[in-house]
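Peer 1: can you look at this prediction? I've put the sequence above it.
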Amino acid sequence: QQNNITNNISQGDRTLFPTIRNPYRDQGIKAFQQKNYQQAVNFFAQAVQYDRNDPEVLIYYNNALARQKDSPFTIAVVVPVGSKQDIAQEMLRGVAIAQNQFNYNGGFNGQLLEIAIADDRNDTQQAKQVAQQLLDDRSVLAVIGHYSSEATKVALYEYQKAAEPLAIISPTSSSSQLQGETFFKTTPSNIKEGEQLAKYIRNQLGLTKVVIFYNLDKAYSDNLREEFTKKFEKLGGQSSIIDLAGMKQQDADRKLNESVSINQVQAVLLFPEQQFTRTALGIAKAKAESNNPRVRSLKLLGSSTLYDHTTLKEGGNAIEGLVLTIPWFREAPQSKNFAQKAAQQWGGQISWRTATSYDATQALIQALSSNPSRATVLQRLQQVNLSPQETSGNTIQFTPQGEIQMEPVLIKVEGGRFKILQSN
């Protein structure tokens, strides 16, 4: 079983996070390269103690254990290390918990789970290349990833058209246009997120006119705008749209003033693609600092791309009252068990991406069998049925379209932190 070693894929023979210092990890990598797996296990165990918040070393520790046992099950996870290191780690934390738990409990018939970590930098060219490399590596049974709907779309095409297609489960790509025989997701689709926001704005807030700031040519953002607009119009609402690309801070003030004076809007929706979250926060700031009381009184809502510490830190008072729809929230009643378990593991709070990545890994673990192949994993995924106790809090079963029946959660920024919104 010759693993295809290239610079952006690793099972333990190199770090994908060179900016994180960990002397024990580096010694573990040397031992792993020399196939001295017992020594690698010891060093990676020390590396985990040294930095308990780093999922890469916990994965390598488990990989060394799996190699020691011989003939491991191999699953790949593709994350955007090169462009979004924090998000890559959030995703890896969920995968690492599931792998660690499975291996700690003895695996399946004594076979343990090995995770190949791949970096596609959230870049479509690189995503395509990584997909090819994973297809060429015969040991890889399935793929978790990719991060954005853009990257997933390109990779999915490769996985599907292969002679022996690879199952792919995305924990983070929610575009409703992503579909195919081999595609599954453990995050609610944009149809659900768009619907949830549309109903909240019409039924709870009683508003009829909104302006949407989004990215015109991006898979996730444009799809969410489309799904929201369809539902909002059915409910009698109207929306105008503004492309975030090329927007300057000074444009924000003018566009907001035009939106209230010309289109009479009552709310601003921010649906940025991840790389445009700063621009979106600039709009929230322009609203807060406006001289126009009608602009200042606009309601502010947004998508899950705005759910992170940067939003709270940089948004400050400008985002007080911001309402977001997100796939999973640690303070929701059904999520608390997993949230606590994960906080103990990592020594800190986790995000929704950790939860949905855990769910994706748990689903693949359930699809394993003795002597699995890519075809059996794909077949068994369609029958997966995980109880809330085995996941981050929701039942996981896939529809024939590869979707899960999970409802997103509305949260609100209050007093500088995210809180669950008690509505419906």
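Peer 2: Thanks, I have the structure now.

Peer 1: dump the residue contacts of residue 55.
Peer 2: For residue 55, the contacting residues are 89, 92-93, 95-96, 346, by C-beta atoms under 8 Å, 6 or more residues apart in numbering. To be clear about C-beta, it is placed using only N, CA and C from the backbone, and glycine gets the same treatment.

Peer 1: could you pull out the strands for the stretch 51-200 of the chain?
Peer 2: Counting by DSSP state E, counting those that start in this stretch, one finds strands in the stretch 51-200 of the chain at the ranges 73-79, 113-119, 140-144, 167-170, 183-185.

Peer 1: follow-up on the earlier one: for the contacts of residue 55, which entry has the maximal number of neighbours?
Peer 2: Neighbour count (other C-beta atoms under 10 Å) singles out residue 96 as the most crowded of those, with 31 neighbours.

Peer 1: once you drop chain neighbours, what's closest to that residue?
Peer 2: If the residues on either side of it in the chain are set aside, residue 96 comes closest to residue 55, at 4.1 Å by C-beta to C-beta, 6 or more residues apart in numbering.

Peer 1: please tell me how far the one you found sits from residue 400.
Peer 2: As for residue 55, its distance to residue 400 is 33 Å (criterion: C-beta to C-beta, to the nearest Å).

Peer 1: that older thread, columns mean pLDDT and distance to residue 130 on top of the strands of the stretch 51-200 of the chain, output as JSON lines?
Peer 2: Converted to JSON lines, the strands of the stretch 51-200 of the chain look like this (pLDDT from 0 to 100; distance: least, C-beta to C-beta, whole Å):
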{"stretch": "strand 73-79", "mean pLDDT": "98", "distance to residue 130": "6"}
{"stretch": "strand 113-119", "mean pLDDT": "98", "distance to residue 130": "5"}
{"stretch": "strand 140-144", "mean pLDDT": "98", "distance to residue 130": "9"}
{"stretch": "strand 167-170", "mean pLDDT": "98", "distance to residue 130": "12"}
{"stretch": "strand 183-185", "mean pLDDT": "97", "distance to residue 130": "16"}
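
Peer 1: isn't residue 64 right up against residue 37?
Peer 2: Yes - assessed by C-beta atoms under 8 Å, residue 64 is found in contact with residue 37 at 4.9 Å.

Peer 1: please identify which of these two sits among more neighbours.
Peer 2: When residue 64 and residue 37 are compared on other C-beta under 10 Å, the one with more neighbours turns out to be residue 64, at 25 against 20.

Peer 1: quick one on the thing from earlier: closest one of the contacts of residue 55 to residue 183?
Peer 2: Each of the contacts of residue 55 was checked against residue 183 using C-beta to C-beta; the closest is residue 95, at 18.2 Å.

Peer 1: pLDDT value on that closest one, please?
Peer 2: What the model reports for residue 95 is a pLDDT of 98.

Peer 1: and for residue 274?
Peer 2: 89.

Peer 1: isn't it up against residue 149?
Peer 2: No - with contacts defined as C-beta under 8 Å, residue 274 does not count as touching residue 149, sitting 10.3 Å away.

Peer 1: looking at these two, which is more packed in?
Peer 2: Here residue 274 and residue 149 are compared on neighbour count by other C-beta under 10 Å; more neighbours surround residue 149, at 26 against 22.

Peer 1: contacts only, for the more buried one.
Peer 2: 173-175, 177-178, 218-220, 223.

Peer 1: could you redo the last one with a cut-off of 10 Å?
Peer 2: Counting by C-beta atoms under 10 Å, 6 or more residues apart in numbering, residue 149 makes contact with 156, 170, 172-178, 185, 190, 218-224, 273.

Peer 1: gap between it and residue 260?
Peer 2: Here the criterion is C-beta to C-beta. By it, residue 149 lies 31 Å from residue 260.

Peer 1: taking the contacts of residue 149 one by one, which sit in helices?
Peer 2: Residues from these lying in helices, with DSSP state H as the criterion: 156, 190, 219-224.

Peer 1: can you give me the angle the lengthiest helix in the chain makes with strand 140-144?
Peer 2: Among the segments of the chain that qualify as a helix by DSSP H, the longest is helix 85-104. If you take axes from the mean of the first three to the mean of the last three C-alpha atoms, to 10 degrees, helix 85-104 sits at 130 degrees to strand 140-144.

Peer 1: then helix 85-104 to PDB, C-alphas only?
Peer 2: These are the backbone C-alpha positions of helix 85-104, laid out as PDB (Å, rounded to 0.1, in the frame of the first residue of the first chain):
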ATOM      1  CA  GLN A  85      -5.900  28.000   9.500                       C
ATOM      2  CA  ASP A  86      -8.400  28.600  12.200                       C
ATOM      3  CA  ILE A  87     -11.200  27.000  10.200                       C
ATOM      4  CA  ALA A  88      -9.000  24.100   9.300                       C
ATOM      5  CA  GLN A  89      -8.400  23.500  12.900                       C
ATOM      6  CA  GLU A  90     -12.000  23.700  13.900                       C
ATOM      7  CA  MET A  91     -12.800  21.000  11.300                       C
ATOM      8  CA  LEU A  92      -9.900  18.800  12.400                       C
ATOM      9  CA  ARG A  93     -11.000  19.000  16.100                       C
ATOM     10  CA  GLY A  94     -14.300  17.300  15.200                       C
ATOM     11  CA  VAL A  95     -12.600  14.600  13.100                       C
ATOM     12  CA  ALA A  96      -9.900  14.000  15.900                       C
ATOM     13  CA  ILE A  97     -12.500  13.500  18.600                       C
ATOM     14  CA  ALA A  98     -14.300  10.800  16.600                       C
ATOM     15  CA  GLN A  99     -11.100   9.100  15.500                       C
ATOM     16  CA  ASN A 100      -9.700   9.100  19.100                       C
ATOM     17  CA  GLN A 101     -12.900   7.700  20.500                       C
ATOM     18  CA  PHE A 102     -13.100   4.900  17.900                       C
ATOM     19  CA  ASN A 103      -9.400   3.900  18.300                       C
ATOM     20  CA  TYR A 104      -9.600   4.100  22.100                       C
END
